[in-house]
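[1] Give me the fold of what follows.
(chains A and B)
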Number of protein chains: 2
Amino acid sequence: MKLTSVAHTGFTVSNLERSLAFYRDLLGMHLVHQQEIDAPYVGTITGFPGARLRIAHLKITPEDPHTLELLQYVSHPAEPTDRATNRPGNGHLAIRVDDLQAWYERLTAQGVEFRSEPTLVTTGMNVGARAVYMRDPDGFTIELIQPAASK
Amino acid sequence: MKLTSVAHTGFTVSNLERSLAFYRDLLGMHLVHQQEIDAPYVGTITGFPGARLRIAHLKITPEDPHTLELLQYVSHPAEPTDRATNRPGNGHLAIRVDDLQAWYERLTAQGVEFRSEPTLVTTGMNVGARAVYMRDPDGFTIELIQPAASK
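    Residues are numbered from 1 along each chain as shown, chains lettered A, B, ... in the order given. Model (predicted):
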């Protein structure tokens, strides 16, 4: 009786196409599966009877064991939550990149909102890395990290 | 210029010790790092000048490439967000388990709140799996999945 592995990180989004434009087209993630689903088990698991969801699964690389699951509740749309990172209940996803400064410049030019410029991590287990917080189209915080070892 | 890998999924929590009791002691995740940090870079990256955070990193297995990062804002506490899964901005984490029914019974006995009983996935890429939504101490949704191939 044990946990065996992480399956996915899920983000509820308000517009799946807009989110795909961000994660697939702008960040270059791989769309590995997409479906619209209203089978009864979906309503049971989510606790929203009759739920109809649009779901997309994306990976950093095709062989990545981790999946990002984007879910749009077609049947039960709701107001966005506040996404300030200091509020309990806030989630974020951290992704390693090869050249943080280049990503920062490209994404800034595309209108992506960053919390700061790329910033050196001076202590802790990631010392020497550079990191930055940015927001996806729904205001989710995505952290980009360039490890110390790489350029 | 590319994304290379997922580093971690982050959850902001209101009480790190309470969350460790859940993820480490009850679920059996491995605590691989813990620190309290107020170096200036933390305030820069988070956008909260002077931020002091308590951070814990946990893994499903010691060699798991994915990390769950729990963050408690000691310096900038805030009200919890609403954690209804249909609200854009909601995040969840899905974890595979070996015996979902046993986990369901053990965690229910410990007072963990589940959205339903373990439910068969009848369509889609996880057909034949069983899954369930539960809540962590801050109301985050954790999905437990038993893949179709295993018992």
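
[2] who touches the closest residue to A:Arg18 other than its chain neighbours in this structure?
    Closest residue in space to A:Arg18, ignoring its immediate chain neighbours: A:Pro137 at 5.0 Å, by Cβ to Cβ, 6 or more residues apart in numbering or on different chains. (Each C-beta comes from the backbone N, C-alpha and C, glycine too.) By Cβ atoms under 8 Å, 6 or more residues apart in numbering or on different chains, the contact set of A:Pro137 is A:13, A:15, A:18-19, A:21-22.

[3] Mind checking which of those residues are in helices?
    Assigned to helices by DSSP state H, the following of these qualify: A:18-19.

[4] ok, and the most crowded of the contacts of A:Pro137?
    In terms of neighbour count, A:Val13 stands highest of those at 26 neighbours, by other Cβ atoms under 10 Å in any protein chain shown.

[5] so which strand or helix has the residue most central in space within chain A?
    Residue closest to the average C-alpha location in chain A (Cα atoms, centre = their mean): A:Leu93, at 5.3 Å. In the assignment (DSSP states H and E), A:Leu93 maps to strand A:91-97.

[6] Check whether the residue nearest to A:Arg18 sits in a helix, strand or coil.
    coil (DSSP: H, G, I helix; E, B strand; the rest coil).

[7] how much space between it and A:Lys59?
    Distance, A:Pro137 to A:Lys59, by Cβ to Cβ, to the nearest Å: 19 Å.

[8] Can you say which two of the contacts of A:Pro137 are spatially most distant?
    A:Val13 and A:Ala21 (11.2 Å; Cβ to Cβ).

[9] What about the residue in chain A that chain B sits nearest to, how many residues nearby?
    In chain A, the residue that lies nearest chain B is A:Gly91 (2.8 Å; Cβ to the nearest Cβ). Using other Cβ under 10 Å, A:Gly91 has 25 other residues around it.

[10] buried set for the lengthiest helix in chain A?
    As assigned by DSSP H, the longest helix anywhere in chain A is helix A:100-109. Neighbour counts over helix A:100-109 (16 or more other Cβ atoms under 10 Å in any protein chain shown) mark A:100, A:103-104, A:107 as buried.

[11] for chain A, what spans make up the strands?
    Secondary structure of chain A (DSSP state E): strands at A:3-12, A:30-37, A:53-59, A:67-73, A:91-97, A:119-120, A:130-135, A:141-146.

[12] if we can go back for a sec, and the residue nearest to the centre of chain A, what does it touch?
    By Cβ under 8 Å, 6+ apart, the residues touching A:Leu93 are A:9, A:11, A:68, A:140-143, B:6, B:8-10, B:91.
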